[in-house]
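[1] predicted coordinates and the sequence they were generated for:
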Amino acid sequence: MDSQLSISLRSFDRSIEQAYFNLFGMGSGEGELLDWRFRANPHGEAKFAVATRGERVVGMIALIPTHLAGVESGALGYQAIDTIVDPSCRGQGLFVKLGSFVQDQALAGAALVWGFPNANAARGWYGRLGWSNFGAAPLLMRSLRSAFLLGKLHPKLRSIDVRLVRGRNVQREVYTDGQQLSADFDHLWRRVAGDFGIGVDRSGEWMRWRLFDKPGADYRCVGLKSDVGQLEAFVAVRIADKHGGRLCYVMEAMCSPRHRRDLARLLLAELSRAARHGAEVALAWCPKSAPNYAAFREAGFVPVPPRLRPIEINFGARALHQRYAAAAANGASWYVSFLDSDTN
C-alpha cells in the first residue's frame, strides 16, 4: 500500500462532506442531511475514521454516538455506518486497518461499537475485527395489498389488487409538533425503557431529532393517550417506493405495560391507512425478546427468514472494554427498530 496513506480520526467537516460526494455519489443538495446526521444528534457529534492519500480521502468509517440504555449508566456506544474504500485501494486490507484503528485507538472510553453490516462489510467486522454476530436484523412483514404477493408469482397478477387489512377506526393523536412528541414520548420511554434491554436511549429529545428534525422527514407519528393525557401507545410509519414496491416502514411501535392490545389496534389502524394510500407490504424490525413483539404478531406481522430477504442486513457488536463484554456478546438482549437504521 502507498506509503503516503495515513489514517486519522476526524469530525464532520468540508473534506468529509466532499468524500460523501466522491465515494458515495451523493449530490451537493444532500449536504443538509449529512449535517443533521453528523452534527445535530443530541447524543453527540459523529466521528470519522478516515484514510487519506495526500489530500484525497480513499476510505472511511462513520461513527454515530449512541447513549445506550440497559448497560451501565452513561455508557456510550458508536454505531458504525457508511464503511467504504475507494476502488483504487480495494483488496489491500484498508477496511481492516480502518476498523482496527477505530477499535484499538480512536474510541478510548467508549463502551462498544455496533451496527448492521451488509454482506461485504460483515466478513471484515466478524472475521477480522472480532465482532459478535447477532444474526440477521430481526425483520417482520405484513402484506397489505394482494398485488405485492401475487406479483411475485407472476407480473401479470399485480393487476389483482385487493386491500388485505382493515383496521378499526381509532381515535389517535397525530403529532405535528416535534416538541410535543418529545415531551409525551419522554414520559413513555422512562416507564418502559427497563423492559427493552440494551438499545439506543430513546429519550424525547432523540425522538424529536430522529423523526421531526431530519431534513425532508415524512414520518407519520401517532399516539393513544389515557384519560389524563398520558401517552400509552405510539406508532411511527413511513411510506416509500423501494425494492420494486410501495412499502410501509413501521419505524417504531411501543406501548406501556398492559397496553399491548391498544398498540396492536393502533398498528392495524395505521396499516389500514397505509394500504389505502397504496402501500403493498409493511416491514418492521423487532426482536422476539422485545415486549412489543406480541403486538406486532397480533397485528399480523410474521418473521421473514433471511433467505427470503431482498438484501442482507446483519447485526453485531464488539466491546471496547472488558466490562462491556457481556453486552456485546448476546444479541438476544438488544432492542432495535427501524429508527436505528440510517437508510430509512
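    Right, received. Where do you want to start? Residues are numbered from 1 along each chain as shown.
[2] let's test this: name the helix or strand in the chain with the lowest mean pLDDT.
    In the chain, no helix or strand scores lower on mean pLDDT, DSSP states H and E than helix 146-153, which sits at a mean of 72.
[3] tell me what the helix ranked longest in the chain is packed against?
    Identified as the longest helix of the chain according to DSSP state H is helix 260-276. Helices and strands touching helix 260-276, by 3 or more CB pairs under 8 Å, 6 or more residues apart in numbering; DSSP states H and E, are strand 220-225, strand 231-242, strand 245-255, helix 293-298. The C-beta positions use only the backbone N, C-alpha and C, and glycine is treated the same way.
[4] can you list the domain ranges for the chain.
    5-134, 139-312 (automatic domain parsing).
[5] so can I have a markdown table of those showing distance to residue 320 and mean neighbour count?
    Below are those laid out as a markdown table (distance: least, CB to CB, whole Å; neighbours: other CB atoms under 10 Å):
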| stretch | distance to residue 320 | mean neighbour count |
| --- | --- | --- |
| domain 5-134 | 5 | 17 |
| domain 139-312 | 15 | 18 |
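[6] for the helices and strands packed on helix 260-276, which one sits closest to residue 143?
    For those, the distance to residue 143 is smallest for strand 245-255, at 10.7 Å, taking CB to CB.
[7] was I right about residue 169 contacting residue 269?
    Yes. Checked against CB atoms under 8 Å, the pair residue 169 and residue 269 is within contact range at 6.9 Å.
[8] and the strands in the stretch 51-200 of the chain?
    56-69, 76-85, 112-115, 132-136, 139-143, 173-174, 199-200 (DSSP state E, counting those that start in this stretch).
[9] sketch out the low-pLDDT regions of the stretch 1-150 of the chain for me.
    The stretch 1-150 of the chain contains residues with pLDDT under 70 at 1-3, 28, 150.
[10] do a quick rundown of the helices in it.
    With helices called from DSSP state H, counting those that start in this stretch, the stretch 1-150 of the chain shows them at 14-24, 31-39, 94-101, 119-127, 146-153.
[11] residue 227: which of the ones you listed is closest?
    Of all the helices of the stretch 1-150 of the chain, it is helix 31-39 that lies closest to residue 227, at 36.7 Å by CB to CB.
[12] contact partners of the closest one?
    12, 16-17, 20, 26, 45-46, 62, 64, 209, 213-216, 342 (CB atoms under 8 Å, 6 or more residues apart in numbering).
[13] ok, now with 6 Å
    12, 17, 45-46, 214-215 (CB atoms under 6 Å, 6 or more residues apart in numbering).
[14] surely residue 140 touches residue 301?
    Yes. With contact defined as CB atoms under 6 Å, residue 140 counts as touching residue 301 (4.1 Å).
[15] so which of the helices and strands packed on helix 260-276 gets nearest residue 282?
    Across those, closest to residue 282 is strand 245-255 (CB to CB), at 4.2 Å.
[16] which neighbours does the closest one have in its sheet, and in what orientation?
    Strands that pair with strand 245-255, judged by DSSP bridges, come out as strand 231-242 (antiparallel), strand 281-285 (parallel).
[17] what's near enough to touch residue 316?
    Contacts of residue 316 (CB under 6 Å, 6+ apart): 131-134.
[18] next: residue 329.
    Counting by CB under 6 Å, 6+ apart, residue 329 has contacts residue 132.
[19] ok, so what distance separates the closest residue to residue 114 other than its chain neighbours from residue 198?
    Among residues not flanking residue 114 along the chain, residue 317 sits closest, at 3.7 Å (CB to CB, 6 or more residues apart in numbering). Remark: distance between residue 317 and residue 198 (CB to CB, to the nearest Å) = 9 Å.
[20] also residue 65?
    16 Å.
[21] next one: residue 116
    Counting by CB to CB, the gap from residue 116 to residue 198 is 15 Å.
[22] okay if I get the helices of the stretch 1-150 of the chain as CSV plus distance to residue 332?
    Below are the helices of the stretch 1-150 of the chain laid out as CSV (distance: least, CB to CB, whole Å):
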stretch, distance to residue 332
helix 14-24, 33
helix 31-39, 29
helix 94-101, 25
helix 119-127, 17
helix 146-153, 30
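[23] out of those, which is closest to residue 331?
    helix 119-127 (12.4 Å).
[24] contact partners of the closest one?
    Contacts for helix 119-127 (CB under 6 Å, 6+ apart): 83, 95-96, 117, 131, 133, 312, 314.
[25] can you check stretch 93-103 too?
    Counting by CB under 6 Å, 6+ apart, 7, 49, 51, 59, 61, 85, 124, 128-129 sit against stretch 93-103.
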